[in-house]
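S.K.: Structure of the sequence below:
(one chain, ligands or ions: 2)
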Amino acid sequence: MDDLVLTTVITDTKASEGPVPSLPGVSRLGLDGLIEQAREAAGLGIPAVALFPHIDPARKDAAATEALNPDGFVPAAIRRLKADVPDIGVIVDVALDPFTDHGHDGLMQGDVIDNDTTLDMLAQGAVILADAGADIVAPSDMMDGRIGVIRDALDQADHPDVMILSYAAKYASAFYGPYRDAIGTASALRGDKRTYQMDPANSEEALHEVAMDLDEGADMVMVKPGLPYLDICHRIKTEFGVPTFAFQVSGEYAMIQSAGQNGWADSERLLLETLNGFKRAGCDAVLTYGAIRAARLLKG
Ligand SMILES: NCc1[nH]cc(CCC(=O)O)c1CC(=O)O
Ligand SMILES: [Mg+2]
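M.R.: Ligands and ions are numbered 1, 2, ... in the order given. Next up is the predicted model:
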């Protein structure tokens, strides 16, 4: 169980709680629902929960202002988890997409992502998350230089023990669709993220990205999506030997779930078989929406 990370979608609006149609078996959770799932995960031996916020669109703007609100929803969720479920680790994404009205991971200058002004936002945001009690911050934005800037900001804010899980090899994938539905960026997204996420045809670049992020201070690295990139997982683990995570993203999980719901395949076996694939490829842990299901199955 200790190589599973429970992936959750949480929402700041009661009316938005409930099942995500494009992500069968996954619901947007309010804080009470989050605590309930985190308690169950901790009881099953799952060591950490990753938070992905659905924010009321009224709180979103081009400047991602809400991302820097120390009294915002995500810091409140972290504080609630640390108080109510102290024995589970809290991993929080550092990216602007949940807070921008255009759905991109960074600030825009016209139609272009502004890498450097985004870095400053990410650093400030990471400190706010650490102040709230996050154990690990996970920059999923793919901006150049963000790991070093975030590491320095955390150290200067007296958070040397907050670790960085870098989304080092993150591809411009079609597998993120259900997640974007879940957090409300699908309809808002202007253009696509290919200018800062990697080309799925590229493998060498992944190794360079990992080397840079490790050099800047990443403690762990992630490959995202997971199943279509097992070769990348294996190459990274073999080349660097550092803690290497995979993210079984929303589209991967939705495929497993819909095959099961339509009676085309056994979704429990599909889930365990894909997780086995990540382990065989050398992954130390997998972020998956199916963490509780898998843990229950593994416990028998
Ligand atoms: N910072 C972006 C982000 N954070 C989590 C996911 C995807 C998670 C999933 O598909 O499960 C993405 C992808 C994207 O929209 O570019
Ligand atoms: Mg990079």
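S.K.: what's near enough to touch Ala186?
M.R.: By Cβ atoms under 8 Å, 6 or more residues apart in numbering, the contact list for Ala186 reads Gly103, Gly177, Arg180. For the C-beta atoms, the positions are set from N, CA and C on the backbone; glycine is no exception.
S.K.: near ligand 1, which of those residues show up?
M.R.: Arg180 (Cβ under 6 Å from any ligand atom).
S.K.: Val286: what secondary structure?
M.R.: strand (DSSP: H, G, I helix; E, B strand; the rest coil).
S.K.: From ligand 1, how far off is it?
M.R.: 12 Å (Cβ to the nearest ligand atom, to the nearest Å).
S.K.: since we're on that residue, how many residues are nearby?
M.R.: 24 (other Cβ atoms under 10 Å).
S.K.: same thing with the one 10 residues further on?
M.R.: Arg296 has 14 neighbours, counted by other Cβ under 10 Å.
S.K.: quick one, phi psi at it?
M.R.: For Arg296, the backbone dihedrals (degrees, to the nearest 10) come out as phi -60, psi -40.
S.K.: Pull the contacting residues for Cys233.
M.R.: With Cβ under 8 Å, 6+ apart, Cys233 has these contacts: Val223, Gly226, Thr244, Ala246, Phe278, Ala281, Gly282, Cys283.
S.K.: Mark which of these are part of helices, please.
M.R.: Phe278 (DSSP state H).
S.K.: I'd like the contacts of Cys233 laid out as CSV, including pLDDT.
M.R.: Converted to CSV, those look like this (pLDDT from 0 to 100):
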residue, pLDDT
Val223, 98
Gly226, 98
Thr244, 98
Ala246, 98
Phe278, 98
Ala281, 98
Gly282, 98
Cys283, 98
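S.K.: what two of the contacts of Cys233 are the furthest from one another?
M.R.: Gly226 and Gly282 (12.2 Å; Cβ to Cβ).
S.K.: When these two are compared, which one has more neighbours?
M.R.: A count of neighbours by other Cβ under 10 Å puts Gly226 above the other of Gly226 and Gly282, at 27 against 16.
S.K.: got the residues of the chain near ligand 1?
M.R.: Going by Cβ under 6 Å from any ligand atom, the residues of the chain near ligand 1 are 52, 93, 95, 97, 105, 140-141, 176, 179-180, 193, 249-250.
S.K.: now for those residues, which pair is the farthest apart?
M.R.: The widest separation within the residues of the chain next to ligand 1 (Cβ to Cβ) is 17.5 Å, between Asp141 and Ser250.
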